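>>> this one's structure only:
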């Protein structure tokens, strides 16, 4: 096997291992970064829901409460949860894979009743009271989805509508009935804010970035291999080839072979200089024998 082939096999093995290690690290980094960005998107949507709730509680509810008392009526728009859910439902209409919900185990509105997996999340918060945020993924009909959830305890303002039907506003009981959404206990985890965000888009971006990176790294590796071969040819293979040809001629008795060129003080030059001294010494020894 020629020296060039041996060196190329070594280079290919080194570059191959380097590309494999770089690819594994890069893929993990890119997909983790995509997940982190998705979580950040979910947090922004969740905070938008919180902001809507706060605005409704501080600005809308006081106005509607006076009107509701005067008219003996109930307007769902006075409920912070209703405002947040309805406001962000417009986001869901524009982007169907993005969803904001406030599911409860025992809601006033049956539409807000927790699904099985949402109930599991709420019960997780009830069982682990120190848990303030939960992030996980689930499969949906449209693909993999990440969801972020935060617990919602029953605060004092909730008890006005959710303690007993007798205490709740009569107009609300008339609309939703006396069986749903009552019996809540103060500070008990009764619901959760849950934001679902699709993973397909960020994962697709990460996948394209990964393959573009690997393509560029493969191109750089191929170019580096070519440059290494040229350097190896000029700095090692040709000088060693000339030395090998000269040694072959001398071994056949042709002592008139011209001396090898010596340039620089690297190992190849030192070897060529030593070869020339050996050549001269051998020529002198043969001349003395002939005399």
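Noted; the coordinates are in hand. Please read all numbers here as calculations on a predicted model, not as lab measurements.
>>> just checking, residue 167 is part of a helix?
No. In this structure, residue 167 is coil, not part of a helix, as judged by DSSP: H, G, I helix; E, B strand; the rest coil.
>>> what's it sitting at in phi/psi?
Phi and psi for residue 167, reported as degrees, to the nearest 10, are phi -90, psi -30.
>>> which element is the spatially closest residue to it that is not a sequence neighbour on?
Of all residues not flanking residue 167 in the chain, residue 160 sits nearest, at 6.8 Å (C-beta to C-beta, 6 or more residues apart in numbering). All C-beta atoms are positioned from the backbone trio N, CA, C, and that covers glycine. Using DSSP states H and E, residue 160 falls within helix 156-162.
>>> Can you get me the start-to-end distance on stretch 183-203?
43 Å (C-alpha to C-alpha, to the nearest Å).
>>> re earlier: the residue nearest to residue 167 reaches residue 168, doesn't it?
Yes. Contact criterion C-beta atoms under 8 Å: residue 160 and residue 168 qualify, at 7.2 Å.
>>> Could I get the full set of helices for the stretch 151-291 of the chain?
156-162, 170-176, 200-232, 238-251, 267-290 (DSSP state H, counting those that start in this stretch).
>>> What is the third one packed up against?
Packing contacts for helix 200-232, counted by 3 or more C-beta pairs under 8 Å, 6 or more residues apart in numbering; DSSP states H and E, involve helix 3-55, strand 143-153.
>>> got those as CSV, with mean pLDDT, distance to residue 131 and mean neighbour count columns?
Below are those laid out as CSV (pLDDT from 0 to 100; distance: least, C-beta to C-beta, whole Å; neighbours: other C-beta atoms under 10 Å):
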stretch, mean pLDDT, distance to residue 131, mean neighbour count
helix 3-55, 91, 15, 15
strand 143-153, 94, 7, 19
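>>> Low-confidence stretches in this structure?
1, 254, 290-291 (pLDDT under 70).
>>> Could you break it into its assigned domains?
Listed by automatic domain parsing, the domain ranges of the chain are 3-12+208-290, 35-199.
>>> on that earlier part again, what's the closest of the helices of the stretch 151-291 of the chain to residue 44?
Among these, the nearest to residue 44 by C-beta to C-beta is helix 200-232 (13.9 Å).
>>> Could you list the buried residues of the closest one?
201, 202, 203, 206, 209, 210, 217, 221, 232 (16 or more other C-beta atoms under 10 Å).
>>> how big is the angle separating it from strand 143-153?
If you take axes from the mean of the first three to the mean of the last three C-alpha atoms, to 10 degrees, helix 200-232 sits at 130 degrees to strand 143-153.
>>> Buried deepest among the domains of the chain, which one?
Across the domains of the chain, averaging neighbours per residue (mean count of other C-beta atoms under 10 Å) puts domain 35-199 on top, at a mean of 16.
>>> Start and end of that domain, how far apart?
8 Å.
>>> about what we covered before: from residue 65, how far off is the residue nearest to residue 167?
10 Å (C-beta to C-beta, to the nearest Å).
>>> just residue 225 next, same as before
Taking C-beta to C-beta, one finds residue 225 at 76 Å from residue 65.
>>> Is the closest residue to residue 55 other than its chain neighbours part of a helix or strand, or is it coil?
The shortest distance from residue 55 to any non-neighbouring residue, by C-beta to C-beta, 6+ apart, is to residue 83 (7.7 Å). Put simply, residue 83 is helix when judged by three-state DSSP.
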